[in-house]
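Peer 1: next come a sequence and a model predicted from it.
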Amino acid sequence: MVMQAEPGGCLCGAIRYRVRGAALSTSLCHCRSCRLACGGPTLAWAIFRADQVEFVRGAMREFRSSPPALRGFCAECGTALTYRTDKRPGQIDITTATFDHPERFAPRVEIYVAERIAWQPTNARLTQFDGSSRVPI
């Protein structure tokens with residue numbers, strides 16, 4: 001059986017990607033670094049094995065936002081696209097909102113809620129972690 005590819009990309013269309021298979025985890029992050037990277041109060045992620053992700057158009061730029069982390073973005077329009085960390089080699093996080101059908105990747109957990117902006121509510125239906133959810137490698 002061939003799994004359907006889930007496509008996505010940046011605002012301007014310069015970068016397109018597709019993923020195959022199920023996400024290892026989906027989360028909504030409240031950390032300051034993610035907030036600054038996207039300019040919003042939270043950032044939703046879907047985590048995949050790197051071999052599940054294929055970039056089919058364009059090339060991302062990456063920025064080392066902290067010693068272990070690289071954030072990928074479109075150099076043309078600035079869309080935040082990916083997160084990779086030395087702590088989880090072989091995995092890549094994709095910003096959920098950049099999928100063509102982001103509703104297929106609803107968050108299951110909220111992470112770094114200890115860093116959330118005071119006026120940003122949490123979702124009582126999601127499991128919450130003060131820090132990382134410690135997704136297994």
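Peer 2: Everything's here; your move.
Peer 1: tell me who's in contact with the residue nearest to Arg61 when sequence neighbours are not counted.
Peer 2: Beyond its immediate neighbours in the sequence, the residue positioned closest to Arg61 (C-beta to C-beta, 6 or more residues apart in numbering) is Ala75, lying 4.4 Å away. Where you see a C-beta, it was placed from the backbone N, CA and C, and this is true even at glycine. Ala75 makes contacts with 14, 60-61, as judged by C-beta atoms under 8 Å, 6 or more residues apart in numbering.
Peer 1: next one: Phe105
Peer 2: 23, 26, 44, 46, 96, 99.
Peer 1: what's around the last one, how many residues?
Peer 2: Same thing as Phe99. Counted by other C-beta atoms under 10 Å, the residues lying close to Phe99 total 20.
Peer 1: isn't it right up against Ala44?
Peer 2: No - here Phe99 lies out of contact with Ala44, judged by C-beta atoms under 8 Å, at a distance of 9.9 Å.
Peer 1: which of the helices or strands spans Arg84?
Peer 2: strand 80-85 (DSSP states H and E).
Peer 1: could you list the residues in contact with stretch 92-103?
Peer 2: The contact list for stretch 92-103 (C-beta under 8 Å, 6+ apart) reads 6-10, 17, 19, 26, 38, 43-50, 53, 79-84, 105, 107.
Peer 1: which of those fall within strands?
Peer 2: Residues from those lying in strands, with DSSP state E as the criterion: 6-9, 17, 19, 26, 43-49, 53, 80-84.
Peer 1: pull out the buried members of the residues you listed.
Peer 2: Buried members of these, scored by 16 or more other C-beta atoms under 10 Å, are 6, 8-9, 17, 19, 26, 43-48, 53, 80-84.
Peer 1: just give me the closest of the contacts of Ala75 to Gly131.
Peer 2: Relative to Gly131, the closest of those is Met60; by C-beta to C-beta it sits at 26.7 Å.
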